[in-house]
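**Student:** structure of the sequence below:
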Amino acid sequence: METAGEQDPPTAVVQDAPTAVVVVDPDGVVRGWSEGGLLLLGWTAQQTVGRPVTDLLVDPPPGTGSGGTVPTGTVPTGLITLRHRDGSTVDAVVTAHSLDGAGGRGPDRVLTVQRWGRRPVIADRAFEQCPFALGVYDPDLRFLWMNTAASRVIAHSEAQVLGEKYRELFPEPEGMAYTDKLSEVARTGTPARLITIFRPLGSDYANAWATSIWPVRDAEGRVRAVANWGFDMSAEYWARQRLLILNEASSGIGQTLDVVGTARELATTPVPGFVDTVTVDLFDEVLRGDEPPSSAELAGGGTLTLSRTAHHGAKEDPGRPPGPATPVNYSPGSVAARCMATGRSMVQLAAEPSQGGEWAFGPGLAADPAHWPPGTPQIEKSIAAQGLTGRITVPLLARGAVLGVVAFARRDRPEAFTADDLILAEELAAKAAVAIDNARRYSREHTTALTLQRSLLPQRLPRQDAIEVASGYLPAGAGAGVGGDWFDVIPLSSARVALVVGDVVGHGLHASASMGRLRTAVRTLADVDLPPDELLTHLDDLVLHLPDDLHAESRFESTGEAGATCLYAVYDPVSRRCAMASAGHPLPLIIAPDGTRTALSVQPGPPLGIGGLPFEATEVELPEGSLLALYTDGLVESRERDTEQGITELLRVLSEPAASLDALCDTAMAALLPEHRTDDAALLLARTHPLTPDRVADWHVEPDVSQVPPARQFAVEQLAAWGLEGDSFVTELVVSELVTNAIKYGEPPIRLRLIRDTELICEVSDGSETTPHLRRARAFDEGGRGLMLVAQLTQGWGTRHTTTGKTIWCAQTLGLTQ
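**Tutor:** So this is what the prediction gives:
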């Protein structure tokens, strides 16, 4: 009789499957059936006992009788395919053992039936020797099996862990994510994937592991175990992390044109994903916007002094306000000094080479020493004394100049730097250096443009009795260059005053220079005493015909005067009327003393530089104490609101009470301007103070020379009434000359007007448009000396044309305290 023990089947049984025990008599009839048979094939003892054993076979063996019986003395053994009660097939390994029979018919046979896993023995060796970690757990996460690679990961042999629960053996928090995912798969039966970062037992280096987990089900579909495989993907993981840090650096470094801000962005970006501490030191010249030290100065061998501009550690709060920059000195032989002098990076490691000659780097990292540049890394026990495991020092190079130095250090993480880490550090430093240099250049240009612009703006507004003025100006934020906004207050003849506000579109030096030219032109034209619409017409023509002092490319690239707007308004305190015209500029807000807004019917004209289009002027009478607000669009426009909303807000603020006009101006600027401005903003406030009738005297003059003495007498008496007898002599001479000229060379009507303001103003008006001018009289000429005399005796004189003729005026300083 043959038994299964006589040869080894080339198969492997499933270790955790049930084993069926069957007793068969010499005729091949089942006489005994175990509970394992029910679990393995689904048949009960009542269903199988008394039946031929061949009924359980899918294919009867050769020599089977007609009744399904097998010949005496033979029992099917070996690899057999059995029939399950549900109709499915079960591959099994059958072995037979003799049992003493009854009645002398020969021995019965005891058959053991075990499920066959259809796995060659070589497969066991393949799984055992797999370089990936393989493991099988029961639903309670007890170890059922694992291969050698898994044993190395957990630093335990299979014999030490079989039957033990994972969390009882390894309670460290690092394994919680892994075991939580195992439990989830056992509970839901859904496969899952997981990437975990942890330090294997006995290792000081963190590894990244990719793990796939799936349920193991029995024939009924029940989850009987959980299996997983995992591999060390540290090299791939850290390479991806480097790319993520570079991507973050691309979007996070250089967002503002600010040197200090960019240095702080460099310090915070690689922490904590790459290093634990970053310090950024810059030369003071860079912080000021000047050129950094030359290579000769760096190589001179002296001590280098920089400013610690940024410092950030993994344990620091990123939102904590940064402290002030502190000086840092580097001796000639220091690592930082050598890096800046040579322009090359340097890596310092606290780790020692292992006895095998390889570097003591963490597993899975690209740590081949052949990848390192010459001269790096250097083993420095001194940095270990500082609590560091490694430091990378990189010079900040931009356009061939050294701006400073940055140090990337690891303190709490024991992983040593690799050659790939050096590449990442140099990439971060290169991106930051270009951004810092751009910020430095911008800072220099911004400072120059701002200095130029402030020098062109009025440093102190002139004192006028006609109006009280206050002004505010704020340049654009750091993200935009200085613009071309300007304002001015220009004293005019006859106690009048001109209020001007303008805006050159664009930013930078060109805008500031254009603003200066326009402001000078407006002042020059204002001295001619032109009406507002005529002044803008001349200004527009001037812009069109400015000398070609720039190359065509520069004019095209820069924002010139063609993109400028201007508002010009003239207030007369005697008539309380304000005339104004606009060249593409927002009209002023006029608020009466009772808080109501005075509407203006005029529309702004075209911007300057268009040419050929007229400018419309309007004139309004203002009650005493009216408030005029002239502004640029940067004050009322922003990303948060449109122009109309800004004007409404400005009206609201200006309608509120304030301690002074300066305080009201400051309040308005603070309320309307956002923290991050993209344009300059200017505000000019003027409160009107008309001259009372007792400070103005008029007299009609008949066109007859006999009226000159009465005119002189009128002037003398009026000065006496004002208490200005000390100024009577000069005033009498001036009145005599001007009235005489008007009678001789002018046309009626002729009027004499005296105005007492901060100075004494004498005006003679007539209906002629002929403009008088100074000339040098010869020895025997009877005339030609009048205007020369007026010019010598007064502090200023001029001619002002009106719609009905002209006015000759002169002003003299008051000799008595009013």
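**Student:** can we go C-alpha only for contacts and neighbour counts from here?
**Tutor:** Will do.
**Student:** work out which residue lies at the spatial centre of the protein.
**Tutor:** residue 255 (4.3 Å; CA atoms, centre = their mean).
**Student:** separation between the closest residue to that one other than its chain neighbours and residue 397?
**Tutor:** Leaving aside its sequence neighbours, residue 255 sits nearest to residue 262 (CA to CA, 6 or more residues apart in numbering; 7.4 Å). As judged by CA to CA, to the nearest Å, residue 262 and residue 397 stand 14 Å apart.
**Student:** swap in residue 108?
**Tutor:** As for residue 108, its distance to residue 397 is 93 Å (criterion: CA to CA).
**Student:** repeat for residue 754
**Tutor:** For residue 754, the distance to residue 397 equals 71 Å [CA to CA].
**Student:** could you do residue 633 as well?
**Tutor:** Separation of residue 633 from residue 397 (CA to CA): 40 Å.
**Student:** compare those two (neighbour count), which wins?
**Tutor:** For residue 633 versus residue 397, neighbours defined as other CA atoms under 10 Å are more numerous around residue 397 (23 against 20).
**Student:** which residues touch residue 417?
**Tutor:** Residue 417 makes contacts with 347, 349, 390, 391, as judged by CA atoms under 8 Å, 6 or more residues apart in numbering.
**Student:** could you check how far the strand or helix carrying the first one is from the centre of its chain?
**Tutor:** In other words, residue 347. In this structure, residue 347 sits in strand 346-349 according to DSSP states H and E. Taking the mean of its C-alpha atoms, strand 346-349 sits 32 Å from the chain's own mean (CA atoms, centre = their mean, to the nearest Å).
**Student:** partners of the helix or strand just after it, with directions?
**Tutor:** Note on strand 346-349: by DSSP H and E, the next helix or strand toward the C-terminus is strand 378-379. Each strand paired with strand 378-379, and its direction, by DSSP bridges: strand 346-349 (parallel).
**Student:** residues touching the strand it pairs with, excluding its own?
**Tutor:** So strand 346-349 is contacted by 335, 339, 375-381, 383, 389-394, 416-417, 422 (CA under 8 Å, 6+ apart).
**Student:** for the stretch 1-150 of the chain, what spans make up the helices?
**Tutor:** Applying DSSP state H, counting those that start in this stretch to the stretch 1-150 of the chain gives helices spanning 35-41, 45-48, 121-128, 148-154.
**Student:** quick revisit: mean confidence for the strand holding residue 347?
**Tutor:** Average pLDDT, strand 346-349: 90.
**Student:** how about stretch 391-405?
**Tutor:** Stretch 391-405 carries an average pLDDT of 94.
**Student:** are any of the contacts of strand 346-349 buried, and which?
**Tutor:** Buried by 16 or more other CA atoms under 10 Å: 335, 339, 376-377, 379-381, 383, 389-394, 416-417, 422, out of the contacts of strand 346-349.
**Student:** coming back round to it: can you put the helices of the stretch 1-150 of the chain in CSV and add distance to residue 231 and mean neighbour count?
**Tutor:** Output for the helices of the stretch 1-150 of the chain, formatted as CSV (distance: least, CA to CA, whole Å; neighbours: other CA atoms under 10 Å):
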stretch, distance to residue 231, mean neighbour count
helix 35-41, 36, 19
helix 45-48, 48, 14
helix 121-128, 14, 13
helix 148-154, 9, 18
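**Student:** now do the phi/psi pair for residue 588.
**Tutor:** phi -70, psi 160 (degrees, to the nearest 10).
**Student:** from residue 306, how far off is the residue nearest to it when sequence neighbours are not counted?
**Tutor:** The spatially closest residue to residue 588, leaving aside those adjacent along the chain, is residue 630, at 4.8 Å (CA to CA, 6+ apart). Note on residue 630: its distance to residue 306, by CA to CA, is 46 Å.
**Student:** have a look at these two and say which one is more surrounded.
**Tutor:** Just comparing residue 630 and residue 306: by other CA under 10 Å the higher neighbour count belongs to residue 630, 25 against 22.
**Student:** for that one, name its beta-bridge partners.
**Tutor:** Bridge pairing for residue 630 (DSSP bridges) gives the partners residue 684.
**Student:** what distance do you get for it to residue 142?
**Tutor:** Here the criterion is CA to CA. By it, residue 630 lies 82 Å from residue 142.
**Student:** same check, this time on residue 39
**Tutor:** 23 Å.
**Student:** hmm, residue 685 is touching residue 666, no?
**Tutor:** No. Shown here, residue 685 and residue 666 do not form a contact pair, counting by CA atoms under 8 Å, at 10.6 Å.
**Student:** of the two, which one has the most company?
**Tutor:** Set residue 685 next to residue 666 and count neighbours by other CA under 10 Å: residue 685 wins out with 25 against 16.
**Student:** leaving out the residues flanking it, which one is nearest to that one?
**Tutor:** residue 629 is the one closest to residue 685 (CA to CA, 6+ apart), at 4.7 Å.
**Student:** what do you get for residue 79?
**Tutor:** Closest to residue 79 by CA to CA, 6+ apart is residue 93, at 4.9 Å.
**Student:** please apply the same query to residue 793.
**Tutor:** Nearest in space to residue 793, with sequence neighbours left out and distances taken as CA to CA, 6+ apart, is residue 730 at 6.7 Å.
**Student:** next structured bit after the host helix or strand of residue 521?
**Tutor:** Taking DSSP H and E as the criterion, residue 521 maps to helix 509-527. Counting by DSSP H and E, the element after helix 509-527 in chain order, helix or strand, is helix 532-544.
**Student:** before we move on, the earlier item: part of a helix, is the residue nearest to the centre of the chain?
**Tutor:** No. Assignment of residue 255 by DSSP: H, G, I helix; E, B strand; the rest coil gives coil, placing it outside any helix.
**Student:** so how far is residue 704 from residue 749?
**Tutor:** Counting by CA to CA - residue 749 and residue 704 are separated by 12 Å.
**Student:** so the two - more neighbours on which side?
**Tutor:** When residue 749 is set against residue 704 and neighbours are counted by other CA under 10 Å, the residue ahead is residue 749, at 17 against 12.
**Student:** who's in contact with the more buried one?
**Tutor:** Going by CA under 8 Å, 6+ apart, residue 749 touches 700, 701, 702, 703, 765, 766, 767.
**Student:** if we use 7 Å, what do you get?
**Tutor:** Residues near residue 749 by CA atoms under 7 Å, 6 or more residues apart in numbering: 766, 767.
**Student:** separation between it and residue 696?
**Tutor:** Counting by CA to CA, the gap from residue 749 to residue 696 is 19 Å.
**Student:** ditto for residue 193
**Tutor:** 95 Å.
**Student:** check residue 714 too.
**Tutor:** From residue 714 to residue 696 the distance is 13 Å (CA to CA).
**Student:** before we move on, what about residue 89?
**Tutor:** Taking CA to CA as the measure, residue 89 falls 125 Å from residue 696.
**Student:** likewise residue 158?
**Tutor:** Applying CA to CA to residue 158 and residue 696 gives a distance of 113 Å.
**Student:** now the longest helix along the chain: buried residues?
**Tutor:** Taking DSSP state H as the criterion, the chain has its longest helix at helix 419-456. Buried residues in helix 419-456, counted by 16+ other CA under 10 Å: 419-422, 424-426, 428-450, 452-454, 456.
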